[in-house]
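S.K.: Turn this into a model:
(chains A and B)
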Amino acid sequence: MRHLLSITDLQPPDVERIMKRAEGFAEVGRRDIKKVPTLRGRTIVNLFYESSTRTSSSFELAAKRLSADVVSVKAAGSSVEKGESLKDTVATLSAYGPEAIVIRSPYAGAAELVAQWSEAAVVNAGDGKHEHPSQALLDVYTLLRRLESLEGRRIWIVGDVLHSRVARSNVLAFRMMGAEVTVCGPPTLIPRGIGDALGCEVRYDLDRLEEAEIVYALRMQRERMHESFVPSIREYAARYQIDTRRLGPRQLLMHPGPVNRGVELAPEVIDGPNSLITEQVESGLVVRMAILYELLAGGRPRPGDARGGDAEDVSAPTPIKEPA
Amino acid sequence: MSDPIRSVSSLDRRGSSGESAGELVLSRARVLDPRARLDGMYDVVVRRGRIAELAEPGSVEPGDGELVDAEGRAVFPAFFDPHVHLRTPGDEDEEDIETGTRAAAAGGYCGVLAMANTEPPVDSAPDVRSLRERASEQASVPTGFLACVTRGMEGMELTEMAELHDAGAVGFSDDGRPIANARVLRRALQYQRLVRGQFALHEEDRELSRPHGARDSSAGGVMHEGLVSAGLGLAGIPAVAESTMIARDAALAAYEDARIHVQHLSARESVDAVAAAKEAGVRITCEATPHHLTLTDEEVRSLDARYKMNPPLRADDDRQALIEGIRSGIIDCVATDHAPHSIDEKEVPFEEAAMGVTGLETAFAALHTHLVLPGVLELGVLVDRMSAGAGAFGFELPSLAPGSEANLVLFDPEAEWEPGADGWESRSSNSCFAGRKLRGRVLMTVAAGQVAYRQRSFAVGVAA
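M.R.: Residues are numbered from 1 along each chain as shown, chains lettered A, B, ... in the order given. Presented below is the predicted three-dimensional model:
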């Protein structure tokens, strides 16, 4: 794997390899010293054009746990604010010879452009409303720790699908792993044609939510009310909020965070026994370690390395390959 | 109600007065002009700027003028583009009158009409006069200028259209923006009785094309709303944003007995709306672009900003409707909407990129390659539609009939080339056909009786 730009670039074996590797890193995370020397001497740039707490911090920590040198560039206080173009910023940062660039941008396709303009491996940490592949991978990982497989599992993604890159990447990833996906939300927040575009069911109410084995709620931004997508947050919550009344005891609950308490999720389900929300954050770290490992230390098992992703393998320094 | 029909040569161009062109013979040419019912091999003789005769092939001896052996290559009436952006004044780094009309000549055009959405917009008589003066010094082919319908293209107050018309504006358009307010458009259409002149309308309901609402004018749709936009998470421009405005404006034109020309149709619904208006007797004409006729929103999956324009590339069903419209004549003509942009405006993420593509140099070759050669569209129909835009704006249709002003293009239907491989005549390179192999190439253009262009590799052969 050269870059992680979109879930559509991946095949199930790629996902399985990353999952295995993440399991190995989870073992490392339980040790006293949580750091491995795998990416020592490598440079990773985190370029964030949008505010982000969990994605940027987990990529930063993932890189540090792998002993890489990390430079984090935020839009605020950098040349980005002085009107420098993305291309010029990438050229400037490329002068440091980074092995990887992790980019978050408000615009679809930004990560792909960076991949064209730079020699580095590029990780799409969210591009506009397009994709957020590392989120989808960590969500798959989170589920696979609970369930043997996603084959035939029924997953409902509920909320503002229109503005959600998480929804798009997750539909693609869940479907690739064999799940049946339904997206559900107000008709104004479901893109026209998304069922055919992504291969999912579309529903506009929660009447049959009990069919779902996993309920994945999306963040509902308060601004949407002013743009007349929904008449009021109150009406949205009344129709689409996941609460104890709607969530059955066997259904698993997920959310990409940050949660609007009392809007898309009732407070009691957030911390309830079905909630995987905290586990998702934990998974984020190890899955992002596995993504960086995959891109920088060679993902495919090499001859004589049939085991692929156990802990010993990841803790052993890996020969450094020159970036292509 | 309308101006008397004018010749293309009444438009401004370089060297239009003075020297009279010498004799030019295109020997053994396959002449195709469906409007003049010409389809056969001839020697085409151009003398004193007019088609002097169509003689038996190979019968004309080289005289004191130039003889070009066409060797069976095609000669058509030259093309006429009622919709180009020459970016002058204001954005001469992207295009100017000289480079834009050179691109037109290279594409086989004998005339172009430039839109008024410049910086500042063309909304006063001195603006028009200054542009005409520049065209008379720099333009390779006859060039006309439209003026704005509303001051500053703000959609509120009408420009002094009578004075603009007297200054030589060939029509009126706020292209780039719709005239959102129906009252303003109605007044303009009423005023057309005084000023005559065609109205070219950019049809877009921005309340629909900017899904985030009027509050945030920057957060608009960036591509066709459909399966591809749903998959990419890009804000869509629905087809109804165009077709509902066409229906509104056709109704206003009917009520005021006005004449309107609808620009760049992109959707099936729009073709239906124009067809219904024509059926009802509304005086309406319309155009479609080569990119809408040959490409679809599937191209946008690449998120390459070269495929970003307004109206957007739509679904294949829309494209089929446009082709059928060209075939049936519901769509009167091809127009390029040639819209040059600097690299800086295109080498950015798709959503940030400027809208627009160049088109003059590739228009006919692209349509020939993608529609004529696969048998989708008859060559004769395409040849007609390439210049029919002249009629919609009150100009004589280019003709190869003896006695006509010489506006012709020599075209090699076999030549394979890659647009952009040898650079562009245009100052900008934002073409959707760059790097694609096209079949068929313009070798020579005669506009208003003068040779406006020779393809370089071909010119060498001519010298012999």
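
S.K.: ranges for the helices of chain A?
M.R.: Assigned by DSSP state H, chain A shows helices spanning A:12-29, A:54-65, A:86-94, A:110-117, A:133-146, A:165-176, A:194-198, A:223-226, A:233-240, A:267-270, A:277-296, A:311-315.

S.K.: which residues are contacting the fifth one?
M.R.: Under the contact criterion C-beta atoms under 8 Å, 6 or more residues apart in numbering or on different chains, helix A:133-146 has outside partners A:4-7, A:10, A:15, A:18-19, A:22, A:55, A:59, A:123-126, A:150, A:153, A:165-166, A:169-170, A:172-174, A:177, A:214, A:216, A:252, A:254, A:256, A:276, A:279-280, A:283-284, A:286-288, A:291. In this view, the C-beta of every residue, glycine as well, is placed from N, C-alpha and C.

S.K.: Residues of chain A that sit close to chain B?
M.R.: A:85-87, A:105-110, A:112-113, A:127-131, A:164-165, A:168, A:191-194, A:196-198, A:226-228 (C-beta under 8 Å from any C-beta of the partner chain).

S.K.: Make TSV out of the helices of chain A and add mean pLDDT and mean neighbour count.
M.R.: Listed next are the helices of chain A as TSV, based on pLDDT from 0 to 100; neighbours: other C-beta atoms under 10 Å in any protein chain shown:
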stretch	mean pLDDT	mean neighbour count
helix A:12-29	95	19
helix A:54-65	95	21
helix A:86-94	93	17
helix A:110-117	96	23
helix A:133-146	97	24
helix A:165-176	98	25
helix A:194-198	96	19
helix A:223-226	73	15
helix A:233-240	94	16
helix A:267-270	95	16
helix A:277-296	96	23
helix A:311-315	43	17
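
S.K.: Tabulate those helices (TSV), appending distance to residue B:109.
M.R.: Below are the helices of chain A laid out as TSV (distance: least, C-beta to C-beta, whole Å):
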stretch	distance to residue B:109
helix A:12-29	51
helix A:54-65	52
helix A:86-94	34
helix A:110-117	34
helix A:133-146	47
helix A:165-176	43
helix A:194-198	39
helix A:223-226	48
helix A:233-240	55
helix A:267-270	65
helix A:277-296	50
helix A:311-315	64
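
S.K.: Could you report the separation of the closest residue in space to residue B:378 that isn't next to it in sequence from chain A?
M.R.: Nearest non-adjacent residue to residue B:378, counting by C-beta to C-beta, 6 or more residues apart in numbering or on different chains: residue B:372, 7.4 Å away. Separation of residue B:372 from chain A (C-beta to the nearest C-beta, to the nearest Å) stands at 32 Å.

S.K.: show me where the stretch 151-300 of chain B has helices.
M.R.: For the stretch 151-300 of chain B, the helices defined by DSSP state H, counting those that start in this stretch occupy B:161-167, B:182-195, B:206-209, B:227-232, B:240-256, B:268-279, B:290-294.

S.K.: Going by secondary structure, residue B:140 is in what exactly?
M.R.: Per DSSP states H and E, residue B:140 falls between elements, in no helix or strand.

S.K.: List the contacts of it.
M.R.: Going by C-beta under 8 Å, 6+ apart, the list of residues near residue B:140 reads B:13-14, B:98, B:101-102, B:104-105, B:447, B:452-453.

S.K.: Now render these as TSV, adding neighbour count.
M.R.: Formatted as TSV, those follow (neighbours: other C-beta atoms under 10 Å in any protein chain shown):
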residue	neighbour count
B:13	25
B:14	19
B:98	20
B:101	31
B:102	23
B:104	35
B:105	29
B:447	33
B:452	27
B:453	27
